[in-house]
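Trainee: predicted model and sequence follow; I will ask about them next.
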Amino acid sequence: MFPDLSSKPALSLGLRQTESLREALMITLNGTPRRGQTIREWLAAQDVPPYERITDEETLLWMTFDDGFKSRVGISPEVLTRRSNSPNDAMVDMGEERSGAGWKDPANFLVTSAFVRLLGASEQFELDVLKALFYYRPLGILGPDTEAVDQLVEPDVILEKPMMENDKQVYSKPQIWTWLRKSAENNVERTKILKNVFGIDPIPDGYKPRQRDDWYEKRNKIAHGRAGVKMKLGEYIEVDAFVAKAMIHISNQCLDKLKLIV
């Protein structure tokens, strides 16, 4: 039975927010090249068999989303947009605003989605570097710097797959990573370790830590659904450049200070 959203503000807002994401995903997928496949063939390859009663390729994707949602949830998606079902008109707009998506601005959905993954790539790079530092240079460079030999990071160190022991992920390259990894996944803690333990500054020249913090705050708003974030392609390109500069900056410091080639 369809719930009365007019008396359930949190449910109304949550459903509207997820609906906006669904709209943006459907619209952007509808324009995605499928390498010569028809929409029907592509859906089948995605483990989403389209409904046979739909014959019009133009509406196939939309109807697959619509009917798929209805058959699984028991609610027609269209009722979520009706203002008469919402506690007040503002709830409908707020749900879409929080998602930063919807049918009005699918480009923003693509840009912000890529933005989340971009900062994720930056974080993973820093984690890979930190793991390598603890494996190859846990005590820094021992002896005179002039006698130190450049050490190339082997792929199996950063790509190590942990063993499972008592439902716990256990690493061997190095073993301390078993206990450090969780702390290192926190941006603040990871930065402290890089700077205080290894003397590596993750912020490249020409940028301030506050700039990166602001971008991560935007990322968190998107990832956790706290608020809608509008991001122009120009800003995404700026962050893209920052991430590349930061990776190069960190890599250069590892070589200059610790003779480690990452």
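Mentor: Good, I have the coordinates. Residues are numbered from 1 along each chain as shown.
Trainee: please, where are all the strands along the protein?
Mentor: 151-152, 163-165, 168-170, 260-261 (DSSP state E).
Trainee: so which of these comes closest to Asn186?
Mentor: strand 168-170 (16.8 Å; Cβ to Cβ). C-beta: built from backbone N, CA, C; applies to glycine.
Trainee: show me how far stretch 174-187 is from its chain's centre.
Mentor: Stretch 174-187 sits 20 Å away from the centroid of its parent chain (Cα atoms, centre = their mean, to the nearest Å).
Trainee: which parts of it are buried?
Mentor: Residues of stretch 174-187 classed as buried by neighbour count (16 or more other Cβ atoms under 10 Å): Pro174, Trp177, Thr178, Leu180, Ala184, Asn187.
Trainee: using CSV, list the CA coordinates for it.
Mentor: In CSV, the C-alpha atoms belonging to stretch 174-187 read as follows (Å, rounded to 0.1, in the frame of the first residue of the first chain):
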residue,chain,number,x,y,z
PRO,A,174,54.1,-4.3,5.8
GLN,A,175,52.4,-5.9,8.8
ILE,A,176,51.8,-2.6,10.5
TRP,A,177,49.5,-1.7,7.7
THR,A,178,46.9,-4.0,9.2
TRP,A,179,46.5,-1.6,12.1
LEU,A,180,47.4,1.7,10.3
ARG,A,181,45.1,1.4,7.3
LYS,A,182,41.9,2.5,8.9
SER,A,183,43.5,5.6,10.5
ALA,A,184,45.2,6.4,7.2
GLU,A,185,41.9,6.4,5.3
ASN,A,186,41.0,9.5,7.3
ASN,A,187,42.2,12.6,5.4
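Trainee: hmm, back to that, among the buried residues of stretch 174-187, which are located in helices?
Mentor: Counting by DSSP state H, the buried residues of stretch 174-187 place Trp177, Thr178, Leu180, Ala184, Asn187 in helices.
Trainee: who's in contact with the residue lying closest to the first one once chain neighbours are set aside?
Mentor: Counting by Cβ to Cβ, 6 or more residues apart in numbering, the nearest residue to Trp177 once its immediate chain neighbours are dropped is Tyr171, at 4.2 Å. For Tyr171, the contact set (Cβ atoms under 8 Å, 6 or more residues apart in numbering) comprises Glu160, Pro162, Trp177, Thr178, Arg181.
Trainee: let me have those in JSON lines, extended by distance to Ala44 and pLDDT.
Mentor: Listed next are these as JSON lines, based on distance: Cβ to Cβ, whole Å; pLDDT from 0 to 100:
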{"residue": "Glu160", "distance to Ala44": "37", "pLDDT": "93"}
{"residue": "Pro162", "distance to Ala44": "36", "pLDDT": "93"}
{"residue": "Trp177", "distance to Ala44": "42", "pLDDT": "96"}
{"residue": "Thr178", "distance to Ala44": "43", "pLDDT": "95"}
{"residue": "Arg181", "distance to Ala44": "39", "pLDDT": "94"}
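Trainee: name the nearest of these relative to Pro202.
Mentor: With Cβ to Cβ as the yardstick, the closest approach to Pro202 among the contacts of Tyr171 comes from Arg181, at 17.4 Å.
Trainee: quick one, what contacts the closest one?
Mentor: Leu127, Lys131, Gln169, Tyr171.
Trainee: what subset of these is buried?
Mentor: Those of these that meet the buried threshold are Leu127, Lys131, Tyr171, by 16+ other Cβ under 10 Å.
Trainee: give me the subset of the residues you listed lying in helices.
Mentor: Judged by DSSP H, helices contain the following of these: Leu127, Lys131.
Trainee: where does the stretch 1-150 of the chain dip in pLDDT?
Mentor: Where the stretch 1-150 of the chain drops to pLDDT under 70, the residues are 1-4, 6-7, 31-33, 50-55, 57-58, 79-85, 92, 102, 142-147.
Trainee: if we go to 50?
Mentor: Scanning the stretch 1-150 of the chain for pLDDT under 50 picks out no residues.
Trainee: which stretches of it form helices?
Mentor: 9-30, 39-45, 57-73, 89-99, 106-136 (DSSP state H, counting those that start in this stretch).
Trainee: do the same with the stretch 151-262 of the chain
Mentor: 155-158, 177-184, 187-198, 209-223, 233-258.
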